Structure formats: structure tokens, C-alpha cells
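Participant: Build me a structure from this.
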Amino acid sequence: QVHLVESGGGLVQAGGSLRLSCAASGRTFSTYTMGWFRQAPGKERAFVAAITWNSVNTNYADSVKGRFTISRDNAKNTVYLQMNTLKPEDTALYYCAAPSIKYIFTGVRYDYWGQGTQVTVSS
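Facilitator: Next up is the predicted model:
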């Protein structure tokens with residue numbers, strides 16, 4: 001059973017930074033793409049960023065390009081989301097996600113989700 005636990009959320013002023021972490025367990029971490037999503041109040045969950053199993057490729061939503069960076073440490077079974085120049089519209093519950101199929105990046109479908117960590121950006 002795959003288990004994902006996010007941490008690092010909090011309250012920050014606009015222009016500030018946060019780093020989210022997602023610790024994974026239950027299977028070999030280093031063979032799967034990992035992703036971050038977010039859900040703002042009253043909105044559907046939206047894609048934020050993804051990274052391949054070997055960190056060679058990444059993908060970002062247009063709204064976060066140039067401000068957010070996804071990375072991973074396979075030795076620690078952890079994926080990170082560094083968020084800089086935060087804006088009030090970044091306020092959301094942030095989720096870590098993983099697929100059930102190895103070595104898939106393009107068109108990946110996420111089957112496992114964490115509980116989320118809240119990020120609140122004040123203006």
C-alpha cells in the first residue's frame with residue numbers, strides 16, 4: 001500500500017517562500033513519476049508540477065512556472081516543492097500524488113494521494 005505524507009505548509013506573506021515535502025512509503029520510490037496538485041476553496045483540484053523518476057524531466061502549470069520548483073531525493077523517498085514569490089492566489093490545499101504504473105510521465109494518471117498540506121498566502 002502506497003502511503004504519501006505531505007508537510008511544510010503554513011501561513012506566509014505574499015512574496016514569501018515555502019518548501020513542501022512529501023514522504024512516500026510502501027513501494028520502490030525511484031521508479032515512479034511524482035506530482036503535486038492543489039485545490040483552492042470552491043475550485044477543483046488542479047495540477048501544479050510533476051517530475052520523472054530520475055529527475056530528468058519536469059512539468060509545471062503555467063501559473064507557477066518560474067516561481068515553483070519540483071525536485072526529489074530518491075534516497076530519502078521524498079519529493080519537494082519549493083515555492084517562491086508566493087501570491088494570494090496560491091492559497092490552497094496542496095497534495096502529493098503518485099501513479100500505479102512505473103516509468104510513465106506523459107499522460108500519467110495518479111492513483112495515490114496524500115492528505116494534503118495547507119498553504120495560505122496573505123496579501
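Participant: Look up the pLDDT of the residue lying closest to residue 45 once chain neighbours are set aside for me, please.
Facilitator: Closest residue to residue 45 in three dimensions, ignoring its sequence neighbours and counting by C-beta to C-beta, 6 or more residues apart in numbering: residue 39, at 4.2 Å. (Each C-beta comes from the backbone N, C-alpha and C, glycine too.) Per-residue confidence for residue 39 comes out at a pLDDT of 98.
Participant: How much space separates residue 39 from residue 75?
Facilitator: Going from residue 39 to residue 75 by C-beta to C-beta, to the nearest Å gives 30 Å.
Participant: pLDDT (mean, whole number) over stretch 15-35?
Facilitator: Regarding stretch 15-35, the rounded mean pLDDT is 95.
Participant: hmm, back to that, so the residue nearest to residue 45 bridges to which residues?
Facilitator: The residues paired with residue 39 through beta bridges, assigned by DSSP bridges, are residue 93.
Participant: wait, it sits on residue 97?
Facilitator: No - under the contact definition of C-beta atoms under 8 Å, residue 39 does not touch residue 97, with a separation of 11.7 Å.
Participant: and the residue nearest to residue 45, how many neighbours does it have?
Facilitator: When neighbours are defined as other C-beta atoms under 10 Å, residue 39 has 14 of them.
Participant: Likewise for residue 40?
Facilitator: The number of residues packed around residue 40, counting by other C-beta under 10 Å, is 14.
Participant: hang on, the earlier thing: OK, contacts around the residue nearest to residue 45?
Facilitator: Residue 39 sits next to 45, 46, 92, 93, 95, 116 when contact means C-beta atoms under 8 Å, 6 or more residues apart in numbering.
Participant: neighbouring contacts of whichever strand or helix holds the fifth one?
Facilitator: In this case it means residue 95. Secondary structure here is read from DSSP states H and E; on that basis residue 95 sits in strand 92-99. The set of residues external to strand 92-99 that reach it, using C-beta under 8 Å, 6+ apart, is 2, 4-6, 9, 20, 22, 24, 32-41, 43, 45, 48, 79, 81, 108-119.
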